[in-house]
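J.: Curious how this folds, go ahead:
(one chain, ligands or ions: 1)
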Amino acid sequence: MQINNESKGIRINPMGRIQGEIEVPGDKSISHRAALFGGMAQGETHITNFLLGQDCLSTLACLKTLGVEWERRDAEVWIRGRGFENWHEPQDILDVGNSGTTMRLMLGVLAGCPFSATLTGDSSIRSRPMARVTLPLQEMGARILGRQEGKYAPLTIQGGFLQGIQFRSPVASAQVKSAILLAGLRAKGETMVTEPCLSRDHTERMLRGFGVDLKSEGCTAKVRGGAALSGQEVAVPGDISSAAFFLVLGTLIPQGELLIKNVGMNPTRTGILDALWQMGADIQVEEEREECGEPRANLRVRPAQLHGIEIQGEMIPKLIDEVPVLAVAASLAQGETVIRDAAELRVKETDRIQTVVQGLQALGANARELPDGLRIQGAKSLRGGVAHSHGDHRLAMAWVVAGLLAEEGISLQGIEAAEVSFPNFLELIHEIAES
Ligand code: S3P
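T.: Prediction:
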């Protein structure tokens, strides 16, 4: 195996074997919430295994601009919460970088804060749909101005008195659900959110851990206004979305065995395991346990021949972020894989239906776009070629996995995007490589 840095991008050469034990960095969704809820709570919140990716650092930076005091030593963070009543009007814009979670969850909290704040981010964030949160927050009473009538960032929000709502979200989105529930914590009466199928439920679990009386059943969650949060101890599990790259690599590499320790196993996030198992993967779940309201386990992966499957419906939100690397797996599976009901992929960090299909085609795979998904005809081998991340972290890492499995390897432009969620990705690849 060889990964050479070139002046323009990097070269990833094929690899025949991996071996070892690794831990992937902390879960991105849980790290964001731990920092945000810690900043809203009274008392100290102590977070361990906090993700040091750019996205979560953006959340910490925004909190500082809002007057929240915190200290960080490596992946350990202490937040000195004084309640969100004590947040102050930011003197400057809040820059969320590439982070949709920071933007949407922060809007939910700011909707109940009696001052104005302006949020923006990079070019990807400024093209992502925000009406899905600004419309319900406006209905609750927040005043929001932004490009194209508040549909796109930069957005300025003037928070204040809010009225609880019963909101039926048209999309299964944890960011939308969370934004409305967080606004609901300061609204008059009850706020209820129903989604078409259940998205990741970290907000519900963690708010309960912080002492909020949150009720949920099926696809509906509700809170009452006036709830106070109290500071907590949060041990963040490893991110299953980051583990996914190693699950696919460990399955499709010809030889070796890999143990990935302390992986978050929240059932709203384990769709990648279900999909890989259905495709024929050999992944064992070991030492299952629960800590801080979130299940976790060690995952042992060994090489296996995969076959194509159909993925759709309620399965989609459980693996939505893993589609790029799952598509790489599908291109090396026997037969066809079809992913449907996944139009949400078009509004992620990039239009991931388009960027994944075009990227796979450039590497010699047989992939086609569907309006709401992808159709991939697997083959015995992948040729390789030139790949681009388009600034999308999950594409960057999916292409590294493709390069390690491809006959000719790949030249990859834009690996630095991986910093968003997995800063030590290439280091871990080096660690398990055995040529
Ligand atoms: C996230 C929710 C999902 C996911 C994103 C993180 C979260 O987005 O794709 O990476 O932390 O709430 P949507 O809420 O847009 O589905």
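
J.: which residues in the stretch 251-400 of the chain form helices?
T.: 271-279, 323-331, 352-362, 393-405 (DSSP state H, counting those that start in this stretch).

J.: Pull the residues that contact the first one.
T.: Okay, so that is helix 271-279. The contact list for helix 271-279 (C-beta atoms under 8 Å, 6 or more residues apart in numbering) reads 240-241, 244, 247-248, 251, 283, 285, 299, 306-309, 311, 315-320, 322, 326, 329-330, 333, 337. C-beta here means a position set from N, CA and C on the backbone, and glycine is covered the same way.

J.: Kindly report the same for stretch 246-256.
T.: 15-19, 22, 24, 257-258, 260, 272-273, 276, 281-283, 299, 301-304, 306, 325-326, 328-329, 332, 401, 404-405, 428, 432, 434.

J.: Out of these, which end up buried?
T.: In terms of neighbour count (16 or more other C-beta atoms under 10 Å), the buried residues within the contacts of stretch 246-256 are 15, 18, 22, 24, 257-258, 260, 272-273, 276, 281, 283, 299, 301, 303-304, 306, 325-326, 328-329, 332, 401, 404-405, 428, 432.

J.: Which single residue of the stretch 1-150 of the chain ends up nearest the ligand?
T.: Closest residue of the stretch 1-150 of the chain to the ligand, C-beta to the nearest ligand atom: Ser29 (3.2 Å).

J.: Excluding covalently adjacent residues, which one is nearest to that residue?
T.: His202 (5.1 Å; C-beta to C-beta, 6 or more residues apart in numbering).

J.: So which bits of the stretch 151-300 of the chain are right by the ligand?
T.: Taking C-beta under 6 Å from any ligand atom as the contact definition, the stretch 151-300 of the chain meets the ligand at 173-175, 178, 199-200.

J.: Format those as JSON lines; extra columns: pLDDT and secondary structure.
T.: Compiled in JSON lines, these are given as follows (pLDDT from 0 to 100; DSSP: H, G, I helix; E, B strand; the rest coil):
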{"residue": "Ser173", "pLDDT": "98", "secondary structure": "coil"}
{"residue": "Ala174", "pLDDT": "98", "secondary structure": "helix"}
{"residue": "Gln175", "pLDDT": "98", "secondary structure": "helix"}
{"residue": "Ser178", "pLDDT": "99", "secondary structure": "helix"}
{"residue": "Ser199", "pLDDT": "98", "secondary structure": "coil"}
{"residue": "Arg200", "pLDDT": "98", "secondary structure": "coil"}
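
J.: Who wins on neighbours among those?
T.: Ser178 (30 neighbours; other C-beta atoms under 10 Å).

J.: residue contacts, it?
T.: Ser178 sits next to 33, 104-105, 108, 203 when contact means C-beta under 8 Å, 6+ apart.

J.: before we move on, the earlier item: can I get the helices of the stretch 251-400 of the chain in CSV with mean pLDDT?
T.: What follows is these, written out as CSV (pLDDT from 0 to 100):
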stretch, mean pLDDT
helix 271-279, 98
helix 323-331, 98
helix 352-362, 98
helix 393-405, 98
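
J.: Could I get those helices in TSV, plus columns for distance to Arg147?
T.: Compiled in TSV, those are given as follows (distance: least, C-beta to C-beta, whole Å):
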stretch	distance to Arg147
helix 271-279	33
helix 323-331	28
helix 352-362	23
helix 393-405	24
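
J.: Val77: which of these is closest?
T.: The minimum distance between Val77 and these falls on helix 393-405, with 21.1 Å, by C-beta to C-beta.

J.: Helix or strand next in line after that closest one, which one?
T.: On the C-terminal side of helix 393-405, the nearest following helix or strand under DSSP states H and E is strand 410-413.

J.: Please spell out which residues along stretch 213-230 are buried.
T.: 214, 216, 219, 221-225, 229.

J.: Residues in contact with that stretch: which ones?
T.: Under the contact criterion C-beta under 8 Å, 6+ apart, stretch 213-230 has outside partners 37, 40-43, 81, 83, 162, 164, 172, 177, 181, 184-198, 201, 204, 207-208, 210-212.

J.: swap in stretch 133-141?
T.: Contacts of stretch 133-141 with the rest of the structure, by C-beta under 8 Å, 6+ apart, involve 104, 107-108, 111, 144, 146, 150-151, 155, 157, 160-165, 167, 169, 175-176, 179-180, 183-184, 187, 191.
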